[in-house]
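J.: Here is the input, now give the coordinates:
(chains A and B)
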Amino acid sequence: MSKFKKKKDGELPAVSTASLPDIVFMLLFFFMTVTVMKDSTIKVENVLPNATEIKKLEKKDRVIYIFVGKPTKEYENVYGTESKIQLNDKFADVKAVGDYILAERAKKSEELQNVLTTALKVDKNANMGLISDIKQELRKVNALKVNYTTYEGDAFNNLQ
Amino acid sequence: MMNKGAPEVNAGSMADIAFLLLIFFLVTTVIESDAGLNRLLPRINPDQIIVDRKKKNVLPIFIDAKGQLLVQERPIEINELKAIAIDFIDNGGAPAGDPAYCNYCKGNGNPKSSDNPNNAIISVNNNRETSYGAYITVQNELVSAYTELRNRESQKLYGQDFTTIESAFLNPETEKEQKEILKEKVLVIQGKYPLNISDATLK
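T.: Below is the predicted model:
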């Protein structure tokens, strides 16, 4: 009888926190797998449009990114509210796109240089005029593979 | 002598350490979208080759600054676009015996519309003020029209959706021999319904 009579009466046993680290580690691993490291600060508003017929960009090392959108609040005074192009960490002119692509291409290893894709991360409120200019620049440097990066979702939401 | 063994390490602070790591990852990383619509831009031709396309084989789409669509100079709603595109691509207007005759098309065979999916071109034109969102919506609808036709053809030939075959083909885990078979299927379907969406703003 007395063998099992360990507890003192009236006292609640403490909740075991031994599994807390495990739970936190689980969260940690979740975030480690679904996210990627930030490599450049985005200085433009970048709400991508939605689309359903999307294809995943498989290999990260074969992609060159171009961001387009309105400058964010902190840069508004300097760069205005018109859509701008961001290459790496800097705002740039349309004419700089070609040089940027060539420079990025030269950084990649030789076997990758012909299979590069340019990912256009464009805010959904940007004007097509600027995009057409970028596409024209891309054609000049023969960077013909483009990917209009989007979120997955109903495409009709873009029109609101 | 009593052998006590190693004393147990206090693991109480493990949670704190894990939290620290977690917070570090939360602030340094972003959930990025890395999927989108793939397109191939046309090559620049120093001496413009003017291909004399029959007018009936081209479906002109114009998106104006407000996102309003004009198809063949007639205003339409965006949700009608897919059906119009399918009708146009799958029309198969060439008469039997013509080299452009399409024996797998299920369209109306209207002689005033496109001859063959291979000849049919959808030409998207836009204003400089058109929003990118509207442009992507249109592109998405057009791709989805092609996907529907490709899936239909693929179901008929292989009893499987084209999207399933294609994703299996693109999956790096698929075995090599399997890939060869899949590649052939993908090429057959793509050959029947090639994605002919041209950008009229690029000259």
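J.: Give me the distance between the least confident helix or strand in chain A by mean pLDDT and the centre of its chain.
T.: Least confident element among the helices and strands of chain A, by mean pLDDT, DSSP states H and E: strand A:36-37 (a mean of 74). When distances are taken as CA atoms, centre = their mean, to the nearest Å, strand A:36-37 is centred 9 Å away from the chain's centroid.
J.: do stretch B:103-112 as well
T.: 23 Å.
J.: returning to what we had before: and the least confident helix or strand of chain A, anywhere near chain B?
T.: Yes: applying CB under 8 Å from any CB of the partner chain, one finds strand A:36-37 in contact with chain B at A:36-37. Bear in mind the C-beta positions are built from the backbone N, C-alpha and C, glycine included.
J.: Remind me what that strand packs against, helices and strands.
T.: The contact analysis (3 or more CB pairs under 8 Å, 6 or more residues apart in numbering or on different chains; DSSP states H and E) places strand A:36-37 against strand B:29-30.
J.: quick one: the helices in the chain?
T.: By default, I'm working from chain A. Here chain A has its helices, by DSSP state H, at A:20-34, A:76-79, A:96-107, A:128-140.
J.: I was thinking of chain B, sorry if that wasn't clear
T.: Counting by DSSP H, the segments of chain B that form helices are B:14-28, B:81-89, B:132-158, B:162-170, B:176-192.
J.: Make JSON lines from these and add distance to chain A to it.
T.: What follows is the helices of chain B, written out as JSON lines (distance: least, CB to the nearest CB, whole Å):
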{"stretch": "helix B:14-28", "distance to chain A": "4"}
{"stretch": "helix B:81-89", "distance to chain A": "10"}
{"stretch": "helix B:132-158", "distance to chain A": "3"}
{"stretch": "helix B:162-170", "distance to chain A": "7"}
{"stretch": "helix B:176-192", "distance to chain A": "13"}
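J.: For residue A:149, find the nearest of those.
T.: Nearest to residue A:149 among these is helix B:132-158 (10.0 Å), distances taken as CB to CB.
J.: just to revisit the earlier point, deepest of the helices of chain A, which one?
T.: helix A:128-140 (a mean of 19; mean count of other CB atoms under 10 Å in any protein chain shown).
J.: Now do it: distance to the chain's middle.
T.: With CA atoms, centre = their mean, you get 21 Å for helix A:128-140.
J.: what comes into contact with it?
T.: Residues outside helix A:128-140 that contact it (CB atoms under 8 Å, 6 or more residues apart in numbering or on different chains): A:66, A:68, A:83, A:85, A:94-95, A:97-98, A:101, A:118, A:120, A:122, A:144, A:146, B:41-44, B:63, B:126-132, B:135, B:199, B:201-202.
J.: Just the buried ones out of those residues, please.
T.: Among the contacts of helix A:128-140, the ones that count as buried by 16 or more other CB atoms under 10 Å in any protein chain shown are A:66, A:68, A:83, A:85, A:97-98, A:101, A:118, A:120, A:122, A:144, A:146, B:41, B:63, B:126-127, B:130-132, B:135, B:199, B:201.
J.: most centrally placed residue in chain B?
T.: Closest residue to the average C-alpha location of chain B: residue B:143 at 4.2 Å, with CA atoms, centre = their mean.
J.: For the residue nearest to that one when sequence neighbours are not counted, grab phi and psi.
T.: Leaving aside its sequence neighbours, residue B:143 sits nearest to residue A:53 (CB to CB, 6 or more residues apart in numbering or on different chains; 4.1 Å). Torsion angles at residue A:53 (phi, psi; degrees, to the nearest 10) stand at phi -90, psi 50.
J.: number of nearby residues for residue A:53?
T.: 20 (other CB atoms under 10 Å in any protein chain shown).
J.: Contacts made by the helix-or-strand element of chain B with minimal mean pLDDT with the rest, please.
T.: Every helix and strand in chain B was compared by mean pLDDT, DSSP H and E; the lowest is strand B:29-30, with a mean of 76. Applying CB under 8 Å, 6+ apart, the contact partners of strand B:29-30 are A:31-32, A:35-38.
J.: Tell me where the model's unsure across the chain.
T.: No chain specified, so I'll use chain A. Along chain A, the model assigns pLDDT under 70 to residues A:1-9.
J.: switch to chain B, that's the one I care about
T.: In chain B, residues with pLDDT under 70: B:1-4, B:46-53, B:200-203.
J.: Let's see that with 90 instead.
T.: B:1-81, B:86-135, B:156-186, B:188-203 (pLDDT under 90).
J.: what would the contacts of strand B:29-30 look like in JSON lines with distance to residue B:91?
T.: Shown next, in JSON lines, are the contacts of strand B:29-30 (distance: CB to CB, whole Å):
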{"residue": "A:31", "distance to residue B:91": "51"}
{"residue": "A:32", "distance to residue B:91": "51"}
{"residue": "A:35", "distance to residue B:91": "47"}
{"residue": "A:36", "distance to residue B:91": "45"}
{"residue": "A:37", "distance to residue B:91": "50"}
{"residue": "A:38", "distance to residue B:91": "49"}
